[in-house]
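>>> Next come a sequence and a model predicted from it.
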Amino acid sequence: QTATQYTDPDNGFQFTGLTEPVHGVTYGLVFPPNPTTEFIGEIVAPIAAKWIGFSLGGAMLQSLLLVAWPNNGQIVTSTRYTTTYDLPTEYDGPTLTTLPSSLVNSTHWKWVYRCQNCTTWQNGAMPLSSGAALAWAYSDVGVDDPSNPQSTFQEHTDFNFFGIDYTSATNTNYNNYLNGDSGSTPPPTTTPTGPTTTTTTTGPTIVPTPYDYIIVGAGPGGIIAADRISEAGKKVLLIERGGPSTGETGGTYVAPWAKGTNLTKFDIPGLFESMFTDSNPWYWCKDITVFAGCLLGGGTSINGALYWYPATSDFSTAAGWPSSWTNHIPYTNMLKQRLPSTDHPSTDGKRYLEQVFNVTSQLLLGQGYSQITINDNPDYKDHAFGYSAFDFIDGKRGGPVASYLRTAKARSNFAYMDYTLVSNVVRNGSQITGVQTNNTQIGGNGIIPLTPNGRVILSAGSFGSPRILFQSGIGPSDMISLVQADPTAGPRLPPQNQWINLPVGYNASDNPSINLVFTHPSIDAYENWADVWSSPRPADAAQYLKDQSGVFASASPRVNFWRAYGASDGRVRYAQGTVRPGAASINTTLPYNASNIFTITVYLSTGITSRGRVGIDAALRGKPLVNPWLVDPIDKQILLQALHDVVSNMNTVPGLTMITPDAGQTIDQYVDAYDPSTMNSNHWVGTNTIGTSASKAVVDQNAKVFNTNNLFIVDASIIPALPMGNPHGMLMSAAEQAAAKILALAGGP
Ligand code: HEM
């Protein structure tokens with residue numbers, strides 16, 4: 001089949017397309033006379049079509065896919081992408097705008113849309129100077145969560161292809177079409193190809209509300225800032241690009257065995273390991289090349305929730321903090337009050353799956369370690385070990401979402417907007433006037449303004465916040481040049497004489513971590529967590545569903561330990577260990593019993609000198625440009641020393657065998673051969689580091705971006721150096737302190 005020209009009888013637009021005969025769905029496209037990167041399209045479908053997919057590359061894989069369905073009189077739409085024959089997931093970059101002649105009535109639904117930045121995508125493009133194939137997918141089975149544009153759904157029930165000649169698919173009235181006007185096209189006299197009706201149900205333009213504080217990103221930094229600032233009576237908008245996570249926030253991603261409850265993947269601590277083995281991990285950001293959580297709660301909704309109250313050194317001037325930050329105790333106390341830690345998260349107070357604790361404590365006691373309650377002694381981090389501590393609450397994921405967000409939401413001066421991506425701040429020189437979102441229904445252009453003296457706080461994370469800065473003309477010029485070349489983001493940049501040169505993306509660090517894998521006959525490896533999502537041990541699943549107790553009330557770690565090391569450069573570095581049943585990867589020549597495996601991960605933390613650089617690529621994806629792990633040979637030397645120490649007395653624990661590395665490889669060879677990407681701990685900090693001078697730092701001691709009047713950052717990116725432990729506890733204390741400093745700073749709303 002080949003597309004031909006037809007005129008839609010309702011809106012009078014001339015499209016190139018066809019009505020396929022099997023289901024009677026019409027697909028049409030029209031381009032401006034000198035094609036740019038956009039087009040107007042339409043899909044007219046009988047009500048029996050529960051969702052429709054349209055592939056701009058003419059195939060399922062590596063194509064920009066448009067997916068649409070009707071819900072409550074509106075058309076719900078998304079752009080998606082996939083490289084495998086599984087559910088295509090969110091693809092950011094294109095902008096879809098539903099045009100007014102769209103409708104839903106009793107027989108049909110019709111989606112007329114503008115698709116901008118749509119003619120090229122990752123690994124593909126529409127060949128606009130020739131012809132090509134397009135493809136459609138049809139389903140008579142409804143999607144799982146119709147109000148959610150990123151809903152999951154089952155495979156199509158039909159698909160097919162058709163040819164199109166792009167060179168004749170243009171119309172000189174294109175710009176009129178954008179305004180809902182068919183221009184000089186004569187009134188249609190041809191046979192109607194679509195439904196005839198007059199009900200227009202797409203929403204009108206929303207008049208944008210100005211806010212005192214617009215906070216971009218609902219991770220730990222953004223949520224805590226939003227709670228404290230709304231508590232102070234300011235009018236606050238918190239914007240999240242993703243959607244709900246836990247059941248209490250409207251999340252619906254529930255394991256088969258928990259069906260009928262609102263205990264989602266993000267509620268049940270024992271599902272943590274399944275984050276990395278899911279066939280449809282929609283919650284990871286698709287435009288950041290390392291793991292980042294694109295959902296409410298950010299990293300705290302998808303992490304293992306290891307929660308450490310900060311040590312004094314975490315906020316020291318030696319770590320890079322301005323001296324005004326070193327007294328963290330009042331803020332850490334505020335955090336502890338809102339979110340106490342627990343090292344026995346099961347609601348019955350018992351500990352489960354503790355075999356690794358027994359084995360590891362034999363090793364550590366033999367090395368002169370003492371067992372302590374770790375969060376009772378945050379500064380005791382040399383030769384100390386104890387039970388892993390978490391911010392779980394009532395046997396469920398707690399974190400900032402189940403604490404600070406609850407109180408924020410109860411206030412009438414707090415507003416929350418999800419599924420909304422902020423690309424850049426709108427500014428006039430050093431004065432920020434609003435944020436640019438991808439929701440063009442807001443004011444017709446997607447811009448949300450500030451009140452007079454209003455402020456923007458970026459909390460989009462160590463990759464997301466730098467990208468927003470680059471797209472706002474703030475950062476090194478090589479990054480802003482990449483933005484300039486982008487057809488959508490380029491025109492939104494301020495003029496070059498307003499660019500602000502700051503070291504955005506530099507000073508990046510992340511804990512290098514190395515896994516050692518062991519077996520011991522006493523260990524229960526819990527099937528390496530492989531079955532927790534689809535076929536858990538029935539008794540454990542039942543116990544958890546009954547009262548949130550048992551194995552599922554905790555994430556996988558069971559033991560943590562720390563040790564200090566002096567080095568030849570005069571610095572003290574700390575090594576951290578995390579121990580859990582199971583193993584992410586095993587590489588061994590030894591025969592072993594898979595039901596007895598466990599992992600000791602050794603990280604280097606406080607004192608690391610290695611730094612990398614974070615930036616964007618030409619597709620504006622966030623990525624490490626220079627890896628931050630073990631750049632300094634002394635960092636590597638200390639990490640090796642720590643690994644050797646951990647296994648130094650292995651022969652004193654009967655039955656304990658190290659299988660990775662195995663006898664054929666030394667620890668040094670193992671570390672030399674380690675894939676750097678698996679050394680990543682996803683603890684990125686420092687990409688918008690705090691400091692006292694604009695030549696070395698991005699934000700000043702009030703967390704305000706240098707050379708701006710009213711732009712702030714509150715997230716892991718301002719932390720100058722890695723803290724002692726997994727960073728989200730220390731980050732939340734930093735967010736408390738940053739919120740207090742921002743509120744105290746004169747000149748605000
Ligand atoms: C849960 C969602 C989906 C699943 C599991 C799925 C799965 C599959 C599978 C297994 C095939 C190969 C079928 C065969 O060769 O007979 C296929 C083909 C195809 N799918 Fe999907 N699909 C999904 C969603 C979509 C969507 C949203 C589109 C949007 C346009 C799409 C477009 C296509 C097209 C055009 C083909 C045929 C051409 C090709 O193989 O690339 N699919 N799909």
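Structure received.

>>> Identify each buried residue in the worst-scoring helix or strand of the chain on mean pLDDT, please.
The element with the least model confidence among the helices and strands of the chain, by mean pLDDT, DSSP states H and E, is helix 174-178, at a mean of 86. Under the neighbour-count criterion of 16 or more other Cβ atoms under 10 Å, helix 174-178 has 174, 176, 177 buried. Any C-beta I mention is one placed from the backbone N, CA and C, and that applies to glycine too.

>>> Need these in TSV (columns: distance to the ligand).
Converted to TSV, the buried residues of helix 174-178 look like this (distance: Cβ to the nearest ligand atom, whole Å):
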residue	distance to the ligand
174	24
176	29
177	24
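
>>> Tell me which residue in this protein sits closest to the ligand.
For the chain and the ligand, the shortest gap (Cβ to the nearest ligand atom) falls at residue 53, measuring 2.4 Å.

>>> In a helix, that residue, correct?
No: assessed with DSSP: H, G, I helix; E, B strand; the rest coil, residue 53 is strand; it does not lie in a helix.

>>> Hmm, residue 461 is touching residue 718, no?
No: under the criterion of Cβ atoms under 8 Å, residue 461 is not in contact with residue 718, lying 11.1 Å apart.

>>> Spell out the secondary structure type for residue 733.
The three-state label for residue 733, taken from three-state DSSP, comes out as helix.

>>> Now do the same contact list for the closest residue to it other than its chain neighbours.
Take residue 733 and drop its neighbours on the chain: the residue closest to it by Cβ to Cβ, 6 or more residues apart in numbering is residue 332, 4.4 Å away. Listed by Cβ atoms under 8 Å, 6 or more residues apart in numbering, the contact set of residue 332 reads 309, 310, 733, 736.

>>> Okay, and residue 332 sits in which element?
Residue 332 is part of helix 329-338, with elements assigned from DSSP states H and E.

>>> for stretch 314-334, what is the average pLDDT?
The predicted model assigns stretch 314-334 a mean pLDDT of 98.

>>> same deal with stretch 229-247?
96.

>>> Could you list the buried residues of that stretch?
Along stretch 229-247, the positions that meet the burial threshold by neighbour count (16+ other Cβ under 10 Å) are 229-232, 234-247.

>>> Just the ones of these in helices?
In helices, defined here by DSSP state H, the members of the buried residues of stretch 229-247 are 229, 230, 231.

>>> just the buried residues of stretch 229-247 that are near the ligand?
Restricting those to those within reach of the ligand (Cβ under 6 Å from any ligand atom) leaves nothing.

>>> outside of stretch 435-448, which residues touch it?
With Cβ under 8 Å, 6+ apart, stretch 435-448 has contacts from 95, 97, 203-211, 214, 216, 237, 239, 420-426, 434, 456, 492.

>>> rerun that using 7 Å as the cut-off
With contacts defined as Cβ atoms under 7 Å, 6 or more residues apart in numbering, stretch 435-448 is touched by 95, 97, 203, 205-208, 214, 216, 237, 420-426, 434, 456, 492.

>>> Check the separation of the first and last residues in that stretch.
Distances were taken as Cα to Cα, to the nearest Å; on that basis the terminal residues of stretch 435-448 are 5 Å apart.

>>> Likewise for stretch 25-39?
19 Å.

>>> the helices in this structure, which residues?
Listed from the start of the chain, the chain has helices (DSSP H) covering 174-178, 220-231, 329-338, 355-366, 404-409, 461-471, 477-484, 538-547, 633-646, 667-672, 728-744.

>>> Let's have these in TSV, adding distance to residue 573.
Compiled in TSV, those are given as follows (distance: least, Cβ to Cβ, whole Å):
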stretch	distance to residue 573
helix 174-178	59
helix 220-231	26
helix 329-338	23
helix 355-366	19
helix 404-409	33
helix 461-471	21
helix 477-484	31
helix 538-547	39
helix 633-646	5
helix 667-672	16
helix 728-744	17
